[in-house]
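>>> Sequence plus the predicted model coming up.
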Protein chains: 2
Amino acid sequence: MNDQEKSAIFPVGEKFESEWFNKTVWLHPLIPAGAALPVYNVTFEPGCRNNWHKHQGGQVLLVTTGRGYYQEWGKPARELRPGDTVDIPADVKHWHGAARDSWFSHVAIEVAPEKGPAIWLEPVGDEDYDGLR
Amino acid sequence: MNDQEKSAIFPVGEKFESEWFNKTVWLHPLIPAGAALPVYNVTFEPGCRNNWHKHQGGQVLLVTTGRGYYQEWGKPARELRPGDTVDIPADVKHWHGAARDSWFSHVAIEVAPEKGPAIWLEPVGDEDYDGLR
């Protein structure tokens, strides 16, 4: 965790307890909830990913450290490295998270948050995750 | 410029010719114009700042490299370093840019871009900028 904290531009923040992640995730509000456009720094420990989910207005990810993945339902996973960005369309089922052997952090920006909260679905199966390189 | 390019997570992009900046600025679209939420990486050469201006929906800045400033009309300038963030309210007159002796880059996210384009005003006077440390 120390190396992760040192390499990151943005603070790692606090441990975030959530049933929608299979391992530990940290959240730091860059622009706090309640602002017109809340922005979070999200840090995943190695092997940590979120469940499949959808955003009603979409979401933008800006990758800042480590190595991870983004996958849309029915498509191959895309590897993510620092500097990569993802424009997640509204209502598209997807997940994101760290590689097995790497910490991973991204800035997350909700698009049109007034359209409502994320819709959480089933976990990503080990049979899908374990084959990723 | 080479050191700036190497230290940056996000690409510096292309030179952006604009009458609203006093020196040279570079723009790289992280999420392109036309998307629901366009996001740009903006890089200022030393001494470069924009004119006073307002955003009709507000803007969020996430500082990634260098040293610079953000100032709202009638308030003291705030020094900005990597990891700092600015939540610029709608319709508040302000400017941002690099310190005299440093490159500076930030991610810029327009809030509610459907409210219309930025409103550009007068240049920041040398008498205001030259006293900044």
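It's in. Everything numeric in this text was worked out from a predicted model, so none of it was measured.

>>> Can you report how many residues lie near A:Glu19?
Neighbour count of A:Glu19, defined by other CB atoms under 10 Å in any protein chain shown: 8. No exception for glycine: its C-beta is placed from N, CA and C like everyone else's.

>>> Does A:Tyr40 touch A:His28 like I think?
Yes: with contact taken as CB atoms under 8 Å, A:Tyr40 and A:His28 are classed as touching, separated by 6.7 Å.

>>> and chain A, which of its residues are near chain B?
Chain A comes close to chain B at residues A:9-11, A:30-31, A:35-37, A:39, A:57-58, A:60, A:62, A:64, A:82-83, A:85, A:87, A:90, A:107, A:109, A:111-112, as judged by CB under 8 Å from any CB of the partner chain.

>>> residue nearest the centroid of chain A?
In chain A, the centroid-proximal residue (CA atoms, centre = their mean) is A:His96; its distance is 4.8 Å.

>>> which ones are touching that one?
A:Arg49, A:Asn50, A:Leu61, A:Gly68, A:Tyr69, A:Tyr70, A:Gln71, A:Leu80, A:Val86, A:His106 (CB atoms under 8 Å, 6 or more residues apart in numbering or on different chains).

>>> Quickly run through the sheet partners of the helix or strand the third one falls within, with directions.
What it means is A:Leu61. Using DSSP states H and E, A:Leu61 sits within strand A:59-66. Strand pairing for strand A:59-66, using DSSP bridges, gives strand A:85-88 (antiparallel), strand A:104-110 (antiparallel).

>>> Run the chain-centre distance for that strand.
8 Å (CA atoms, centre = their mean, to the nearest Å).

>>> returning to what we had before: could you say which of the strands paired with strand A:59-66 is packed most deeply?
Mean neighbour count, computed with mean count of other CB atoms under 10 Å in any protein chain shown, is highest for strand A:104-110 among these, reaching a mean of 25.

>>> Just the mean pLDDT for that strand, thanks.
Throughout strand A:104-110, pLDDT has a mean value of 97.

>>> now swap in stretch A:49-56 and tell me
Summarised as a single mean, pLDDT over stretch A:49-56 is 98.

>>> What's the end-to-end length of that stretch?
20 Å (CA to CA, to the nearest Å).

>>> Kindly report the same for stretch A:63-77.
Using CA to CA, the end-to-end distance of stretch A:63-77 comes to 15 Å.

>>> Burial check on A:Lys54, number of neighbours?
18.

>>> In contact with the residue nearest to it when sequence neighbours are not counted, which residues?
Spatially, and ignoring its direct neighbours in sequence, A:Lys54 is nearest to A:Ile119 (4.6 Å; CB to CB, 6 or more residues apart in numbering or on different chains). Contacts for A:Ile119 (CB under 8 Å, 6+ apart) come out as A:His53, A:Lys54, A:His55, A:Gln56.

>>> which one of those is nearest A:Phe44?
Nearest to A:Phe44 among the contacts of A:Ile119, counting by CB to CB, is A:His53 at 14.4 Å.

>>> Test my guess that the closest one contacts A:Pro123.
No: contact criterion CB under 8 Å: A:His53 and A:Pro123 do not qualify, at 10.5 Å.

>>> so how far is A:Ala108 from A:Ser102?
A:Ser102 sits 18 Å away from A:Ala108, going by CB to CB, to the nearest Å.

>>> How about A:Glu17?
A:Glu17 is 17 Å from A:Ala108, by CB to CB.

>>> do A:Lys115 as well
Look at A:Lys115 and A:Ala108: by CB to CB, they are 16 Å apart.
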